[in-house]
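Colleague: When you get a sec, could you give me coordinates for this:
(2 chains)
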2 protein chains.
Amino acid sequence: MALIVHKYGGTSMGSTERIRNVAKRVAKWHRAGHQMVVVPSAMSGETNRLLGLAKELQPAKADDAVLRELDMLASTGEQVSVGLLALALQAEGVPAVSYAGWQVPVHTNSAYTKARIDSIEDQRVRKDLAAGKVVVITGFQGVDETGNITTLGRGGSDTSAVAVAAAMKAAECLIYTDVDGVYTTDPRVVPEARRLSTVSFEEMLEMASMGSKVLQIRSVEFAGKYQVPLRVLSSFTPWDIPIAEEAASGTLITFEEDEKMEQAVVSGIAFNRDEAKISILGVPDRPGIAYQILGAVADANIEVDVIIQNVSHEGKTDFSFTVHRNDYARTVDVLKTKVAASLGTDRIEGDTKICKVSIVGIGMRSHVGIASKMFRALSEEGINIQMISTSEIKTSVVIDEKYMELAVRALHRAFDLDQPAA
Amino acid sequence: MALIVHKYGGTSMGSTERIRNVAKRVAKWHRAGHQMVVVPSAMSGETNRLLGLAKELQPAKADDAVLRELDMLASTGEQVSVGLLALALQAEGVPAVSYAGWQVPVHTNSAYTKARIDSIEDQRVRKDLAAGKVVVITGFQGVDETGNITTLGRGGSDTSAVAVAAAMKAAECLIYTDVDGVYTTDPRVVPEARRLSTVSFEEMLEMASMGSKVLQIRSVEFAGKYQVPLRVLSSFTPWDIPIAEEAASGTLITFEEDEKMEQAVVSGIAFNRDEAKISILGVPDRPGIAYQILGAVADANIEVDVIIQNVSHEGKTDFSFTVHRNDYARTVDVLKTKVAASLGTDRIEGDTKICKVSIVGIGMRSHVGIASKMFRALSEEGINIQMISTSEIKTSVVIDEKYMELAVRALHRAFDLDQPAA
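Modeller: Numbering: from 1, shown residues only, chains lettered A, B, ... in the order given. Okay, the predicted model is just below:
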């Protein structure tokens, strides 16, 4: 008997047959006595279809007036979904009503195509829930203060669902997706990878940014900020599996640091082979040098990930960083043409055949020796570490790309991630 | 330098190429200094696609909750159109902004799928027009007082356009469609049929109900009520024809009875071969007899068109009426089983091979002898008249179906409709 938010992705809403299955699943939860709010995405392919039509017509330059119309257009995809899902629920004998973002309303700023949610009014939805209705709300969209439709950007339906759950103080927000949870690492690399039954939202943030593309990172931030218990689970289970089983499946992303979480020092191994490493050797060790280098890179709109500067030796130091592999050539060019001369060095070296491997775990905060255990495991496999970067709950190393799978498997084993949780 | 409303149908909006043409046409009017409001329909086929999806999912019984969701769904078709048209206008270098019905807002009652417009607020639109923008408004839809989306029913975009024109006190509302105006009669029957440069809205009402399916009849009623000059014109002319030429094309539906209209006594010949005639002979001529007969027919949800009752002879009369041909057999059955016995007659006769031919003209009100001129023209062709029905601006006859084309041509000639207007 709780207030529950379900979120279904575009694949789950991809056909009338699938929408009927979503309706049956939601109806099951409703009949079990829960107050249900459902946030579906647009039918898969629909948003691309709409934006494709726009692309044929829109001006070359996308100013605010253009972006406003793109939101007007794209928001219809979700409106179709909520209408169809409400009808399917009614056909299941469940009273249901749908709302577009502006009807709730979901208030956002006016940053068309990438708006931020300011607040969500809950009165209208609460009234319907009290009347025994399932409420179906469009994801991905809201309304600004002058009544213009806004969208939250790609994947924004996850964020919408979490925001609605926060506003309604929902007991849990269930994100139905095409994976069955968050894993200790990618099962394609480590067959022994285990599904985590819980993960902290901070770990999830680190995992998500490292390439575990399970959830929109913004939705995780939102869940953390408003302390919304968030569960990622599979939409491919039969709709009629027992609720108790379904409610315990997937991975719960929690904001509370319970005891169990403290026990698991490292929760997962993330990796990423999309990066390239660049080093400038023999840089004079004087104030402002980092800005001099990275300012030029930022000016070229290139994002930098890991940054390392070593202690100096005889007034000279080595400066290294990683960028996306696609930006490698351009970055080297920027350094050679705009930075090298003023630094008095042209010793710029780079390597695109690297990868980044990270151990992530909220327990690292209170445990010493985790990083050195990581380094030992890698050294036992003969893997040379090129760069090291650490944060509170993550330690990353840059290594030769060819060792990636070996490193991930070694670390997965070293931290006992292939063993069932205690 | 006037405020002009353009309305484009689904065919005109049927592809991005066609939408681009609409944009070019509107841009031409905008550049000539007019304040432009545009009301486009959904892209052709889109509303059917959406309602087709709904049909697969919706409950068997369409209660209010179901109809509400159908409106939620169907209204997206027009929202896509306004977004795309606004983008195409922007690409033409014309500032443009689109609004859904709820954003204007267009206030309606809550009769989902067939709502009536209560009022339209004009402040937001006026502000944009004053700022030099073209305003694109969804047809077919509005919002009720509790913020639910409503639709006006099929063809409602014509009505939306006229209602917007009325609210904005537009100089003229131009309905672009796939015919180039209102004709004296169907050119397929009478090759000499002429396009009317003007027609009164009352004549248009009679023409429309007789089968000249140029405009939604509700939109014509609306135009009459709010005295909106309405022009029907072709969307197939090149977008870059001179404005003066375009503005004088098609047919202007006026609410003022100017001199010119008084001169044209008969404006057009309408006809309809979808009806069947039914007579009950030897009916006792006593009060309540018409109700006794037609009440039973109405109870069976059968619509009746022409109704004739002759003067009685020896306390008996003959009672005749026409129904849609599809309802003929059912009507005869109702009469035989539910009416005949109590009337004391079983002399029920019918004929499905009839047609109705009408002359329509606002000038008939002040001219005598028009009907007899009609009857003479028919008699000169040897056409027997089976039923006659008259109203203020229309005289209809029911004749043998095989004479239909002959009758229409004879009347067209008799009333000089093939001659250029004086």
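Colleague: What residues are bridge-paired with A:T317?
Modeller: Beta-bridge partners for A:T317, by DSSP bridges, are A:V283.
Colleague: Provide a list of residues in contact with it.
Modeller: Contacts here follow Cβ atoms under 8 Å, 6 or more residues apart in numbering or on different chains; on that basis A:T317 touches A:283-285, A:289, A:309-311. Placement of C-beta: from N, CA and C, glycine included.
Colleague: Then A:L50?
Modeller: If you count contacts by Cβ under 8 Å, 6+ apart, A:L50 has them with A:73-74, A:76-77, B:80.
Colleague: check which helix or strand covers it.
Modeller: helix A:46-57 (DSSP states H and E).
Colleague: what's the following helix or strand after that helix?
Modeller: For helix A:46-57, the following helix or strand on the C-terminal side (DSSP H and E) is helix A:64-91.
Colleague: closest to B:V37 among the contacts of A:L50?
Modeller: Set against B:V37, the nearest of the contacts of A:L50 by Cβ to Cβ is B:V80 (18.6 Å).
Colleague: Would you state the helices of the stretch 151-300 of chain A in chain order?
Modeller: A:156-167, A:201-209, A:217-226, A:243-247, A:259-263, A:289-299 (DSSP state H, counting those that start in this stretch).
Colleague: Measure how the third one sits relative to helix A:156-167, angle-wise.
Modeller: What separates the directions of helix A:217-226 and helix A:156-167 is an angle of 10 degrees, with axes from the mean of the first three to the mean of the last three Cα atoms, to 10 degrees.
Colleague: coming back round to it: and the helices of the stretch 151-300 of chain A: which comes nearest B:V134?
Modeller: Nearest to B:V134 among those is helix A:156-167; the distance by Cβ to Cβ comes to 29.4 Å.
Colleague: Take the closest one, keep the C-alpha atoms, and write them as CSV.
Modeller: In CSV, the C-alpha atoms belonging to helix A:156-167 read as follows (Å, rounded to 0.1, in the frame of the first residue of the first chain):
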residue,chain,number,x,y,z
GLY,A,156,14.9,13.0,-19.8
SER,A,157,12.1,10.6,-19.1
ASP,A,158,14.2,8.9,-16.4
THR,A,159,14.7,12.3,-14.8
SER,A,160,11.0,13.1,-15.1
ALA,A,161,10.1,9.9,-13.3
VAL,A,162,12.5,10.6,-10.5
ALA,A,163,11.3,14.2,-10.2
VAL,A,164,7.7,13.0,-10.0
ALA,A,165,8.6,10.4,-7.4
ALA,A,166,10.4,13.1,-5.4
ALA,A,167,7.5,15.6,-5.6
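Colleague: Give me the distance between that helix and the centre of its chain.
Modeller: Taking Cα atoms, centre = their mean, to the nearest Å, one finds the center of helix A:156-167 at 13 Å from the center of the full chain.
Colleague: Residue numbers of the stretch 51-200 of chain A in contact with chain B?
Modeller: Contact residues (Cβ under 8 Å from any Cβ of the partner chain) of the stretch 51-200 of chain A with chain B: A:53-54, A:56-60, A:65-66, A:68-70, A:72-73, A:75-76, A:79-80, A:82-84, A:86-88, A:90-91, A:95-98, A:100, A:102-103, A:147-149.
Colleague: still on that earlier bit, would TSV of the contacts of A:L50 with distance to B:D305 and neighbour count be doable?
Modeller: Converted to TSV, these look like this (distance: Cβ to Cβ, whole Å; neighbours: other Cβ atoms under 10 Å in any protein chain shown):
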residue	distance to B:D305	neighbour count
A:L73	44	27
A:A74	48	26
A:T76	41	27
A:G77	45	28
B:V80	39	26
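Colleague: just to revisit the earlier point, out of the contacts of A:T317, who has the most neighbours?
Modeller: Top of these by neighbour number is A:V283, holding 23 neighbours under the definition other Cβ atoms under 10 Å in any protein chain shown.
Colleague: Parallel or antiparallel, which strands does the strand or helix carrying A:G350 pair with?
Modeller: Here A:G350, judged by DSSP H and E, is contained in strand A:348-351. Strand A:348-351 has the following strand partners under DSSP bridges: strand A:275-284 (antiparallel).
Colleague: returning to what we had before: can you check what angle separates the helix holding A:L50 from helix B:64-91?
Modeller: Angle of helix A:46-57 versus helix B:64-91, following the same axes, to 10 degrees, is 30 degrees.
Colleague: Quick check: mean pLDDT of helix A:46-57?
Modeller: Average pLDDT, helix A:46-57: 96.
Colleague: all helices of the stretch 301-422 of chain A, in order?
Modeller: With DSSP H, counting those that start in this stretch as the criterion, the stretch 301-422 of chain A has helices spanning A:328-334, A:340-343, A:370-380, A:404-414.
Colleague: Neighbours of whichever residue of the stretch 151-300 of chain A sits closest to chain B, how many?
Modeller: In the stretch 151-300 of chain A, the residue that lies nearest chain B is A:T151 (11.7 Å; Cβ to the nearest Cβ). If you count neighbours by other Cβ under 10 Å, A:T151 ends up with 30.
Colleague: Equivalent analysis for A:V323, please.
Modeller: A count of neighbours around A:V323, defined by other Cβ under 10 Å, yields 23.
Colleague: Who does it form a beta bridge with?
Modeller: Applying DSSP bridges to A:V323 gives these bridge partners: A:A276, A:V304.
Colleague: Contact partners for it?
Modeller: Here A:V323 is in contact with A:275-276, A:278, A:297, A:302-305, A:331 (criterion: Cβ under 8 Å, 6+ apart).
Colleague: I'd like to know which of the residues you listed is nearest to A:I362.
Modeller: Closest to A:I362, out of all of these and judged by Cβ to Cβ, is A:D305, at 21.4 Å.
Colleague: Pull the number of nearby residues for the closest one.
Modeller: Neighbours of A:D305 using other Cβ under 10 Å come to 17.
Colleague: pretty sure it is touching A:D327, no?
Modeller: No - using Cβ atoms under 8 Å, A:D305 makes no contact with A:D327, being 10.5 Å away.
Colleague: Tell me which residues are up against stretch A:396-405.
Modeller: Residues outside stretch A:396-405 that contact it (Cβ under 8 Å, 6+ apart) are A:189, A:271, A:273, A:275, A:277, A:306, A:322, A:353-358, A:374-375, A:378, A:381, A:383-390, A:407.
Colleague: are any of the residues of the stretch 51-200 of chain A next to chain B buried, and which?
Modeller: A:53-54, A:57-58, A:65-66, A:68-70, A:72-73, A:75-76, A:79-80, A:82-84, A:86-88, A:90-91, A:96-98, A:100, A:102-103, A:148-149 (16 or more other Cβ atoms under 10 Å in any protein chain shown).
Colleague: Once you drop chain neighbours, what's closest to A:I289?
Modeller: In this structure, A:I289 finds its nearest non-sequential neighbour in A:V283, 5.8 Å apart by Cβ to Cβ, 6 or more residues apart in numbering or on different chains.
Colleague: one step back: the helices of the stretch 301-422 of chain A: which one's closest to B:A248?
Modeller: helix A:328-334 (59.6 Å).
Colleague: CA atoms only for the closest one - export them in PDB, please.
Modeller: Extracted C-alpha coordinates of helix A:328-334, given in PDB (Å, rounded to 0.1, in the frame of the first residue of the first chain):
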ATOM      1  CA  TYR A 328      43.000  13.400 -30.000                       C
ATOM      2  CA  ALA A 329      44.300  14.800 -33.300                       C
ATOM      3  CA  ARG A 330      42.700  18.100 -32.700                       C
ATOM      4  CA  THR A 331      44.000  18.400 -29.200                       C
ATOM      5  CA  VAL A 332      47.600  17.700 -30.300                       C
ATOM      6  CA  ASP A 333      47.200  20.300 -33.000                       C
ATOM      7  CA  VAL A 334      45.900  22.900 -30.500                       C
END
